[in-house]
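# Build me a model:
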Amino acid sequence: MKEKVVGWRSKRVFFLWWLCFLLGVCSEKTTSRRGLRETLAKKSRTSNSGVMLNSNNRQQLVVDNGIVAVTFSKPEGYILGISYNGIHNILEDENEDQDRGYLDVVWNTPGKPSNCQRIYGTKFSVIAADENMVEVSFSRTWTSSMNDSSVPMNIDMRYIFRNGDSGFYSYAIFDRPEGLPAAEIDQIRIVFKLKKDRFNYMAISDERQRNMPTMRDREAGQILAFPEAVLLTRPISPKFRGEVDDKYQYSCENKDNNVHGWISVDSSNAPSVGFWMITPSNEFRNAGPIKQDLTSHVGPITLAMFMSTHYAGKEVTMAFQQGETYKKVFGPVFAYFNNASREDDILSLWSDAVQQQSKEVTSWPYDFPKSVDFIPPNQRGIVLGRLLVQDRYFRGGKLLYANNAYVGLALPGDEGSWQIESKGYQFWTRADTKGFFLINNIVPGDYNFYAWIPGFIGDYRYNATITITQGGVIKLDSLVYVPPRNGPTLWEIGFPDRTSAEFYVPDPYPTLMNKLYNEEHRDKFRQYGLWERYTDLYPNDDLVYTVGVSKYRKDWFYAHVTRSTGNKTYQPTTWQIVFEHPNQIIRGNYTLQLALACTADADLQVRVNNPSANPPDFATGKMGGDSAIARHGVHGLYRLFSINVPSDRFVKGTNTIYLRQSRAMNPFQGVMYDYIRLERPPLTLI
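Residues are numbered from 1 along each chain as shown. All right, here's what the predicted structure looks like:
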């Protein structure tokens, strides 16, 4: 076992270094637009009365910190209204009380259909209350009388208001004591439905932001291949006519899903107001840093996604056995508000929200939540070390730096199990250019250390359990990842980064576009209907890729999908990889390294030099439910198959590998390839 606890002096030096680093980050990131920040600062200084809690109304609770006032139903905990900067209610008050701001869960009893349940409290409590901070709780306890009608989980919804904050914090504690029945949880989230006649500009990143259509536009439009995708045929604003709106076009990976929201751009002289969901840490989200999930979308709606099966399927569900115990804190997340005068650029609101997100990250983990289940910073641990990589057939087998590797801790499991792990906490970072890494703020517990490196296939797992203790620092000696490899490379297609983004992504149909992605080539895959372009490009014969002649960026379609034959019928497709083996065949097994970026109800069969071979040389069997093809993603779950092919299956001269996706009941079945490599055995000639 290579781990060791760093001595007290080393810890002191390390923490001094880390403090200097954080101070540098803070000083660098707190620069912002002066006018907007001064406005917010003035608003904070006017909040001299502190945080006020009014619970005189038996059915409602109002918490007001002088900047933001929130009205809750009591004891349910539904958010009925949010007042800010003269706006009586930022939320859509035409909606029912339980349909404005709430926590919901998608769950099912094993073997039964899923259902979406809005969680409401049956007990209201004031956890803390003084002029500086108020924390309130809306909780519910599961009882056997609920049977299959309610998710078998005790849930405590918490809200924190601090004096001077332009917003409030939310978190939820999920607890399963002994004796509860089996259940599967597919999704946990907080939902905010904003006032539809005010909020019309949405921002997810510097590049992904725009004026948005309305829910009314969607309702008047034409539903396309699935309910989430709607062609806007009669929008209120003519500029949206002919566009497609789909909430999945605005998904992003967990590592980037940290700030998003809406801006109200009023035609009158009213100031513009921003509503932002800030997630300062991904530790409580499921399935790792590149798991994709929803953000904000037409409604206007803003989501705080805690966990889901999106872009992964049931493989990542939280499955609890009869009597299984569990406890986890989801959040806190920060609902942030800002404003700008008509003279200011409304985009300053986005810039300010990004600055606020940096501030929240620097403050994580927070030291103010009162729940004993939220672990404060002084009780968390640190893991640091260095990761190297060695491929004996790459660069002479030299030890190389694991440049920009993804490294992290998750519950113990097999290599790569972190990407389907949803119950525990996960802690991830990127190694630097020389492979050094530091993972901090780790909740005490038992973990495995995992990693994967762009440019190399497969997953790394450290061969010992890592036990994090309160305030502990663990230093891992130089770790070496040896990626799967059986012989020298004959040829390769793509780049191993767990996505199909480097392959050919076609232009969208001119009548089915989202204009936001017209000029952003790297986001072109987010356009609707690209899967149908395969039939246009290959109406009769399938894709043929000739090694040494074809170029994967323009000749390898980004998704191996079915072919439409009309009348909503489809047929399997078989792709060919043609290559020359100019030398004598080497005795032994060749290896086809087949890395998949997405699998959607597919069965991929591999045949060598005989398209009719039965059985095939290899078949995955039915697999996958990540829906990345339909939901405009270039990856779902990563899968690697190292396929041994006997040398007698190859010939000197021209060879063909046939890749057949044999399931064809709808347009969304298929796979996306990450990377393919054929290795020859380093043995004697036949």
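
# got a list of what Leu349 touches?
Leu36, Ile263, Ser272, Val273, Gly274, Asn338, Asn339, Ala340 (C-beta atoms under 8 Å, 6 or more residues apart in numbering). (Each C-beta comes from the backbone N, C-alpha and C, glycine too.)

# can I get these in TSV with neighbour count?
Output for these, formatted as TSV (neighbours: other C-beta atoms under 10 Å):
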residue	neighbour count
Leu36	21
Ile263	26
Ser272	22
Val273	25
Gly274	27
Asn338	28
Asn339	23
Ala340	22
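
# can you tell me which of these are in strands?
Secondary structure from DSSP state E places Ile263, Ser272, Val273, Gly274, Asn338, Asn339, Ala340 of the contacts of Leu349 in strands.

# Let me have those in a markdown table, extended by distance to Asp148 and pLDDT.
Shown next, in a markdown table, are the ones in strands among the contacts of Leu349 (distance: C-beta to C-beta, whole Å; pLDDT from 0 to 100):
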| residue | distance to Asp148 | pLDDT |
| --- | --- | --- |
| Ile263 | 42 | 95 |
| Ser272 | 46 | 89 |
| Val273 | 42 | 94 |
| Gly274 | 41 | 96 |
| Asn338 | 44 | 95 |
| Asn339 | 46 | 92 |
| Ala340 | 49 | 87 |
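
# of those residues, closest to His632?
The shortest approach to His632 among these belongs to Ile263, at 23.7 Å (C-beta to C-beta).

# right, and the closest one touches Pro271 too?
No: with contacts counted by C-beta atoms under 8 Å, Ile263 stays clear of Pro271, the gap being 10.8 Å.

# How is the chain partitioned into domains?
52-363, 377-481, 489-679 (the TED database).

# Output the ones you listed in a markdown table; the columns should cover distance to Lys370.
A markdown table is the format used below for the domains of the chain (distance: least, C-beta to C-beta, whole Å):
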| stretch | distance to Lys370 |
| --- | --- |
| domain 52-363 | 5 |
| domain 377-481 | 15 |
| domain 489-679 | 37 |
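
# before we move on, back to that, wait, which of the ones in strands among the contacts of Leu349 is closest to Glu324?
The closest of these, once distances to Glu324 are taken by C-beta to C-beta, is Gly274, at 41.8 Å.

# State the distance from that closest one to Val68.
Using C-beta to C-beta, to the nearest Å, Gly274 is found at 13 Å from Val68.

# which residues are common contacts for those two?
In contact with both Gly274 and Val68: Phe337, using C-beta under 8 Å, 6+ apart.

# So which residues of the protein form helices?
Counting by DSSP state H, the chain has helices at residues 8-29, 34-45, 215-219, 347-363, 533-537, 552-555.

# quick one on the thing from earlier: can you tell me which of the ones in strands among the contacts of Leu349 lies nearest to Tyr673?
Ile263 (39.3 Å).

# So what sits opposite Val561 in the bridge?
Counting by DSSP bridges, Val561 is bridged to Gly670.

# Report the contact partners of it.
Applying C-beta under 8 Å, 6+ apart, we find Val561 in contact with Trp531, Tyr534, Thr573, Ile629, Gln661, Pro667, Phe668, Gln669, Gly670.

# Show the pLDDT at the second one.
The reference is to Tyr534. Predicted confidence (pLDDT) for Tyr534: 97.

# Please tell me how far it sits from Met672.
The span separating Tyr534 from Met672 equals 12 Å under the rule C-beta to C-beta.

# Please identify every residue contacting each of the two.
With C-beta under 8 Å, 6+ apart as the test, Tyr534 and Met672 both reach Ala559.

# Looking at those two, which is more packed in?
Met672 (28 against 23; other C-beta atoms under 10 Å).

# Would you confirm that that one contacts Leu596?
Yes: Met672 lies in contact with Leu596 (C-beta under 8 Å); the separation is 6.8 Å.

# Counting neighbours, what do you get for Phe495?
So Phe495, with other C-beta under 10 Å, has 16 neighbours.

# In space, what's closest to it - neighbours in sequence excluded?
Leaving aside its chain neighbours, Phe495 sits nearest to Glu502 (5.2 Å; criterion: C-beta to C-beta, 6 or more residues apart in numbering).

# repeat for Arg162
Arg162 sits nearest to Met133 (C-beta to C-beta, 6+ apart), 4.9 Å away.

# for that neighbour, what are its contacts?
By C-beta under 8 Å, 6+ apart, the contact list for Met133 reads Val51, Ile160, Phe161, Arg162, Asn163, Phe368.

# and it, how far is that from Glu283?
23 Å.

# Val561 too?
In terms of C-beta to C-beta, Val561 sits 36 Å off from Glu283.

# Lys370 too?
For Lys370 relative to Glu283 (C-beta to C-beta), the value is 19 Å.

# Give me the residue ranges of the stretch 351-500 of the chain where confidence is low.
Along the stretch 351-500 of the chain, no part satisfies pLDDT under 70.

# in it, which spans are strands?
381-389, 400-401, 406-410, 427-430, 436-442, 445-452, 460-461, 466-468, 473-481, 489-494 (DSSP state E, counting those that start in this stretch).

# Give the other helices and strands that the second one contacts.
To tie it back to what came earlier, the one meant is strand 400-401. Contact partners of strand 400-401 among helices and strands, from 3 or more C-beta pairs under 8 Å, 6 or more residues apart in numbering; DSSP states H and E: strand 381-389.

# tell me how far stretch 435-443 is from the chain's mean position?
In terms of C-alpha atoms, centre = their mean, to the nearest Å, the centre of stretch 435-443 is set 20 Å apart from its chain centre.

# Flag every buried residue along that stretch.
Buried residues in stretch 435-443, counting neighbours by 16 or more other C-beta atoms under 10 Å, are found at Gly435, Phe437, Leu438, Ile439, Asn440, Ile442, Val443.

# Give me the nearest residue to the fourth one, chain neighbours excluded.
Leaving aside its sequence neighbours, Ile439 sits nearest to Val383 (C-beta to C-beta, 6+ apart; 4.7 Å).

# Just give the number of residues close to that neighbour.
Applying other C-beta under 10 Å, I find that Val383 has 25 neighbouring residues.

# Quick check: it vs His635, distance?
27 Å.

# what does Gly413 give?
Per C-beta to C-beta, Gly413 is found 20 Å from His635.

# Counting neighbours around each, name which of those two comes out higher.
His635 (23 against 15).

# Next, the more buried one: phi, psi?
With angles defined as degrees, to the nearest 10, His635 sits at phi -170, psi 160.

# What pLDDT does the model give it?
pLDDT, His635: 98.

# That one touches Thr499, doesn't it?
Yes: between His635 and Thr499 a contact is recorded at 4.3 Å, counting by C-beta under 8 Å.

# Mind listing the shared neighbours of the two?
By C-beta under 8 Å, 6+ apart, the residues touching both His635 and Thr499 are Ala597, Met672, Asp674.

# how about the last one, what does it touch?
This means Asp674. Gly494, Pro496, Asp497, Arg498, Thr499, Ser500, Ala595, Leu596, Ala597, His635, Tyr638.

# With respect to Cys116, which of those is nearest?
Of the contacts of Asp674, the one sitting nearest to Cys116 (C-beta to C-beta) turns out to be His635, at 26.1 Å.

# Against Asp97, how distant is that closest one?
As judged by C-beta to C-beta, His635 and Asp97 stand 40 Å apart.

# low pLDDT regions in the stretch 51-200 of the chain?
For the stretch 51-200 of the chain (pLDDT under 70), the answer is none.

# if we can go back for a sec, ok, the residue nearest to Phe495 to Ile185 distance?
35 Å.

# ok, these two, which is more surrounded?
For Glu502 and Ile185, the more surrounded residue by other C-beta under 10 Å is Ile185, and the numbers stand at 25 against 17.

# mind listing what the nearest residue to that one once chain neighbours are set aside touches?
Excluding the flanking residues, the one nearest Ile185 by C-beta to C-beta, 6+ apart is Met318, at 4.2 Å. Counting by C-beta under 8 Å, 6+ apart, Met318 makes contact with Glu184, Ile185, Asp186, Asn286, Met307, Ser422, Lys423.
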